[in-house]
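> I would like to see how this sequence folds:
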Amino acid sequence: MLAPPRGRAPQFEKHWAGGIIGPYFFKNDEGHNVTVNGDRYRAMITNFFIPELSNHDAQELWFQQDGATCHTARATIDLLKDTFGDRLISRFGPVNWSPRSCDLIPLDYFLWGYVKSLVYADKPQTLDHLEDNIRRVIADIRPQMLEKVIENWTFRLDYIRASRGSPMPEILFKM
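So this is what the prediction gives:
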């Protein structure tokens, strides 16, 4: 997730080479930002993400998330297993993912930094301005860019396999 300024509710988006679903802002019935907890996260998955996902050709999509408590609550993992089966990469999921693998995860090594640099370029002073910037930046990301990110991710995985898991000596990007 893109880290918002302190005191602001985080936003959520999921991506694959076919595009980005989101952003989604966690708000209460009055429209105020709220902290993400397990119930709100599961409601977002059920009421927003899964319906949006059904509008795309993503039957073989793998779902990956970090180890945040709301992401790894038993009820959340059960919901995600029901939806993605063995194609779930998560702490306590069928495929456990190391929380310290930022050199491999495209969201960490590229997308969040890219999005954040554009979102904050004009120094938004209000929450509405920040949310508008997030919507605009996410909407402007083209599938071709995500395809290139996935290609770089595959390259990184191949590098790690060939080096038998040794650390990457430098940042590797193929252009």
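> For stretch 63-74, list every residue counted as buried.
Neighbour counts over stretch 63-74 (16 or more other CB atoms under 10 Å) mark Phe63, Gln64, Gln65, Ala68, Cys70, His71, Thr72, Ala73 as buried. (C-beta placed from N, C-alpha, C; glycine too.)
> in the chain, which spans are helices?
Along the chain, the stretches classed as helices by DSSP state H are 38-44, 50-53, 69-72, 74-84, 106, 112-119, 127-140, 143-162.
> weakest of the ones you listed by average pLDDT?
Note on these: lowest mean pLDDT is at helix 106, with a mean of 68.
> what's the neighbour count on the closest residue to Lys27 other than its chain neighbours?
Spatially, and ignoring its direct neighbours in sequence, Lys27 is nearest to Asn33 (5.8 Å; CB to CB, 6 or more residues apart in numbering). Residues contacting Asn33 under the criterion other CB atoms under 10 Å number 17.
> and if you look at Gly22?
Neighbour count for Gly22, taken as other CB under 10 Å: 17.
> wait, doesn't it sit right on Ile141?
No - using CB atoms under 8 Å, Gly22 makes no contact with Ile141, being 10.8 Å away.
> before we move on, the earlier item: reformat the buried residues of stretch 63-74 into a markdown table and put distance to Phe49 next to each item.
Formatted as a markdown table, the buried residues of stretch 63-74 follow (distance: CB to CB, whole Å):
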| residue | distance to Phe49 |
| --- | --- |
| Phe63 | 9 |
| Gln64 | 13 |
| Gln65 | 11 |
| Ala68 | 15 |
| Cys70 | 14 |
| His71 | 12 |
| Thr72 | 17 |
| Ala73 | 16 |
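> Which of the residues you listed sits closest to Tyr41?
Tyr41 lies nearest to Cys70 out of the buried residues of stretch 63-74, by CB to CB, at 4.3 Å.
> What's the separation between that closest one and Thr35?
Going from Cys70 to Thr35 by CB to CB, to the nearest Å gives 9 Å.
> Ile21 pairs with what?
Beta-bridge partners for Ile21, by DSSP bridges, are Lys14.
> Just give me the neighbour total for it.
Here the number of neighbours of Ile21 (other CB under 10 Å) works out to 21.
> Kindly report the same for Leu111.
When counting by other CB under 10 Å, one arrives at 20 neighbours for Leu111.
> Check it and give its pLDDT.
The per-residue pLDDT reported for Leu111 equals 79.
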